[in-house]
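K.L.:
quick one, what's the 3D model for this:
(one chain, ligands or ions: 1)
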Amino acid sequence: MDGALVFVYGTLKAGEPNHRLLMDEQTGLARLVAPAVTERRLPLVIASRYNIPYLVDAPGQGHRVRGELYAVDVAKLAWLDRFEGVPRHYERCAESVVRLDAAGGATVAAQAYLLRKPKPFMLRLPVMEEYSSRGPHGLEYRSDESLSGASDIEEVAG
Ligand code: PCA
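P.N.:
Okay, the predicted model is just below:
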């Protein structure tokens, strides 16, 4: 399948609020490849009034973050870029991840939606190893508003 390998760590994961949008065949194809973990340690935080998860491109802080690796087609990749508000909100970056399935240990060059220019306060938030909207943090994702173009983006990015 032409397209890309995308590492998802937030609301797109199985069981999380936007997973059904990832799997919706109306907007392209996505197939789970394996659970995976980032090779780098990166801060995974929750911010904005929508409680959006952000993997911040600030290596060395935080954990090696767990997520899921998907093979997506060209249509789904384009849809994801729009949905994630690339490049104004997240940027889609190359990120090395390690597969956690039977092919365990295999390093994969994936794509992931990262925040490259965090506000300083974001680097002082509690970091997570694994995201769940309904985690002990109590910051449940608020999906009632569209993310791309949301006016709160300036709150956290840039
Ligand atoms: N969606 C993307 C980036 C953060 C989010 O909530 C993901 O799940 O990887």
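K.L.:
CA atoms for contacts and neighbours, from now on please.
P.N.:
Will do.
K.L.:
where do the helices sit along this protein?
P.N.:
For the chain, the helices defined by DSSP state H cover 19-23, 74-83, 153-156.
K.L.:
Throw those helices into TSV and include mean neighbour count, mean pLDDT and distance to Y113, thanks.
P.N.:
Converted to TSV, those look like this (neighbours: other Cα atoms under 10 Å; pLDDT from 0 to 100; distance: least, Cα to Cα, whole Å):
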stretch	mean neighbour count	mean pLDDT	distance to Y113
helix 19-23	18	98	14
helix 74-83	18	98	9
helix 153-156	16	55	14
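K.L.:
can you lay out the ones you listed as JSON lines showing distance to the ligand?
P.N.:
Converted to JSON lines, those look like this (distance: least, Cα to the nearest ligand atom, whole Å):
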{"stretch": "helix 19-23", "distance to the ligand": "8"}
{"stretch": "helix 74-83", "distance to the ligand": "9"}
{"stretch": "helix 153-156", "distance to the ligand": "13"}
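K.L.:
quick one: these as TSV, columns for distance to K13 too.
P.N.:
Conversion of the helices of the chain to TSV gives the following (distance: least, Cα to Cα, whole Å):
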stretch	distance to K13
helix 19-23	5
helix 74-83	13
helix 153-156	22
